[in-house]
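[1] Build me a structure from this.
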Amino acid sequence: MAESQVNFQNGDLLRAPIRLPAVEEQTAIAAILSDMDAEIAALKTKLAKARQIKQGMMQELLTGRIRLI
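    A predicted model of the protein is given here:
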């Protein structure tokens, strides 16, 4: 059974201290995330190309232009 915080007020959240990493660490994190975004984009492009090749090969096989041995 889930429990909830009954007496939690918005003001409590506003008074809570928020710790942020140093600017250098934030910059390093942002650089890593940017690199990951670039890698994901490259993988998506590679996947799209593989799907196009697969589609073309299936079309060649279904039309009979290419036969498997």
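
[2] From the centre of this structure, give me the residue that's furthest out.
    In terms of distance from the mean C-alpha position of the chain, Ile69 ranks first, at 40.6 Å (C-alpha atoms, centre = their mean).

[3] ok now do that one, which residues does it touch?
    Ile69 makes contact with no residue, according to C-beta atoms under 8 Å, 6 or more residues apart in numbering. Using the backbone N, CA and C atoms, a C-beta is placed for each residue, glycine as well.

[4] I'd like the average pLDDT over stretch 8-15.
    Here stretch 8-15 scores 79 as its mean pLDDT.

[5] And that stretch, how far out from the chain middle?
    Mean C-alpha position of stretch 8-15 versus that of the full chain (C-alpha atoms, centre = their mean, to the nearest Å) differs by 33 Å.

[6] What mean pLDDT does the longest helix seen in the chain get?
    As assigned by DSSP state H, the longest helix anywhere in the chain is helix 23-63. When the per-residue pLDDT values of helix 23-63 are averaged, the result is 97.

[7] Centre-most residue in the chain?
    Nearest to the geometric centre of the chain sits Ile40, at 6.6 Å (C-alpha atoms, centre = their mean).

[8] For Ile18, pull up the helix or strand it's in.
    When secondary structure is defined using DSSP states H and E, no element contains Ile18, which sits outside every helix and strand.

[9] got the phi/psi numbers for it?
    The main-chain torsion angles of Ile18 are listed as degrees, to the nearest 10 and equal phi -120, psi 120.
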